[in-house]
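J.: sequence below, structure please.
(chains A and B)
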Amino acid sequence: MSVSIIYAILVTSAATFLSRFLGAISSEGIKETSKLFKWFNCLAYATLAALIARTIIFPVGVLVETSYIDRSLVVIFSLIIFFAFKKNYVYPTVLSAVFLSILSVLF
Amino acid sequence: MINKYFFFKGFKSILSYDSPAIALGCCFIAIGALLKDLGFNIQESVFSTMLTYALPGSLVMAESLLIGSSLLNIFLAVWFVNARLYPMAVSLFPLMMHKNQPKWKYYFSCHFIAVSAWLIMKSNYEKIEKEHRIDFWIGIGSATWSVAVLGTILGFYFSGYLNKEMMIGLAVVNPIYFMCMMVGASKTLEITLSVVLGVTLGPIFYFFSPEWSILLGGVIGGTIAYFISELNVS
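T.: Numbering: from 1, shown residues only, chains lettered A, B, ... in the order given. Now for the predicted structure:
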């Protein structure tokens, strides 16, 4: 088991580094004012947004044990807190954990 | 070598009032606890975070190990999940490229590409002269990477004290933090459209292909957003 874990870590880190390294090499010829750069910027933001949405709507790990309604309530609650506290990132983040923990105990 | 002033300026960015350290730390506490449950020892858990430093990739590796996947399957699954790092790198490194800086800094520091560090850099790069942005970036990356490693160690040793509800609370912190950062970053038409289309299309594509949904949602949503913003400009 221990040997396979080490191989799994190495394979995982290689697969992760590959995308990062290819990105660093590809960006050498791209100017920050070019249309190509602007397009990649849109791709990056859209991909991250898709990842976040998927994590909340189709989660993996322990979040699977919570309901859609609970997760939706936490998202709405966090956005309200975010705007109420002048776009502070820490309050909604910390309170979301407390709120979802309470919801998972109650329901 | 690395300019210490800009390195520490970047490193200290995690001490700001809206620091990602809390969210990042909570997530890696959950990862540390998860890896311990899977049978990792402390060295393997720490090395996993140090070498991978990407949350979705670590989760995929953990799930793959649970179901006994082959190394090739793990490689492909992690590569698909972490393919988002490619456009993230391409949309960040041109902002830091400078002829006076050696190439090794860029190749070395690409390991720090992760959502938290990327969003901090995107919000702050204009305040730093272009020549020194790479040192500032290495500072940000080192700080967030250190928080991730520390979180993993804490999660590993305190996993016995974390019940299911606490693990659920820790797991939601990361997506909520990133969601708020994305909403906060949506200041231009192209970024706002990219975020809205990514959020909409990603889950829709999940029904057709769970493995490709993030990439498809990102590429198609981002491309539509780019063309709409170009049309708007012209």
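
J.: alpha carbons only for contacts and neighbour counts from here, please
T.: Noted.

J.: how many neighbours does residue A:106 have?
T.: 7 (other CA atoms under 10 Å in any protein chain shown).

J.: biggest helix in chain A, by residue count?
T.: In chain A, assigned by DSSP state H, the helix with the most residues is helix A:2-26.

J.: now the element after that one, going C-ward?
T.: helix A:35-57 (DSSP states H and E).

J.: let me know whether that next one sits next to chain B.
T.: Yes: applying CA under 8 Å from any CA of the partner chain, one finds helix A:35-57 touching chain B at A:37-57.

J.: how about that helix as PDB, C-alpha atoms only?
T.: Backbone C-alpha positions of helix A:35-57 (Å, rounded to 0.1, in the frame of the first residue of the first chain) are rendered in PDB as follows:
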ATOM      1  CA  LYS A  35      -6.100  39.300 -28.200                       C
ATOM      2  CA  LEU A  36      -4.800  35.800 -27.500                       C
ATOM      3  CA  PHE A  37      -3.900  36.800 -23.900                       C
ATOM      4  CA  LYS A  38      -7.400  38.300 -23.500                       C
ATOM      5  CA  TRP A  39      -9.000  35.100 -24.800                       C
ATOM      6  CA  PHE A  40      -6.900  33.000 -22.300                       C
ATOM      7  CA  ASN A  41      -7.900  35.300 -19.500                       C
ATOM      8  CA  CYS A  42     -11.600  34.700 -20.400                       C
ATOM      9  CA  LEU A  43     -10.900  30.900 -20.500                       C
ATOM     10  CA  ALA A  44      -9.200  31.000 -17.100                       C
ATOM     11  CA  TYR A  45     -12.000  32.900 -15.400                       C
ATOM     12  CA  ALA A  46     -14.700  30.700 -17.000                       C
ATOM     13  CA  THR A  47     -12.900  27.500 -16.200                       C
ATOM     14  CA  LEU A  48     -12.500  28.500 -12.500                       C
ATOM     15  CA  ALA A  49     -16.200  29.500 -12.400                       C
ATOM     16  CA  ALA A  50     -17.200  26.200 -13.800                       C
ATOM     17  CA  LEU A  51     -15.000  24.400 -11.300                       C
ATOM     18  CA  ILE A  52     -16.600  26.300  -8.300                       C
ATOM     19  CA  ALA A  53     -20.100  25.700  -9.600                       C
ATOM     20  CA  ARG A  54     -19.400  22.000 -10.000                       C
ATOM     21  CA  THR A  55     -17.900  21.800  -6.500                       C
ATOM     22  CA  ILE A  56     -21.000  23.300  -5.000                       C
ATOM     23  CA  ILE A  57     -23.700  21.600  -7.300                       C
END
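
J.: helices or strands up against the next helix or strand after that helix?
T.: Downstream of helix A:35-57, the first helix or strand assigned by DSSP H and E is helix A:68-84. Here helix A:68-84 touches helix A:35-57, helix A:90-106, helix B:164-185, going by 3 or more CA pairs under 8 Å, 6 or more residues apart in numbering or on different chains; DSSP states H and E.

J.: list the helices and strands the first one packs on?
T.: Read that as helix A:35-57. Where contact means 3+ CA pairs under 8 Å, 6+ apart, helix A:35-57 is packed against helix A:68-84, helix B:85-90, helix B:164-185, helix B:189-206, helix B:213-233.

J.: any idea which of these is most buried?
T.: Neighbour counts (mean count of other CA atoms under 10 Å in any protein chain shown) averaged over each of those peak at helix B:85-90, with a mean of 28.

J.: excluding covalently adjacent residues, which one is nearest to the residue nearest the centre of chain A?
T.: Nearest residue to the geometric centre of chain A (CA atoms, centre = their mean): residue A:52, 4.3 Å. Using CA to CA, 6 or more residues apart in numbering or on different chains and skipping the chain neighbours, the partner closest in space to residue A:52 is residue B:175 (5.6 Å).

J.: right, and that neighbour touches residue A:58 too?
T.: No: using CA atoms under 8 Å, residue B:175 is not in contact with residue A:58, being 11.9 Å away.

J.: pLDDT weak spots in chain B?
T.: B:17 (pLDDT under 70).

J.: tell me the domain boundaries of it?
T.: Listed domain ranges for chain B are B:4-177, B:186-234 (source: automatic domain parsing).
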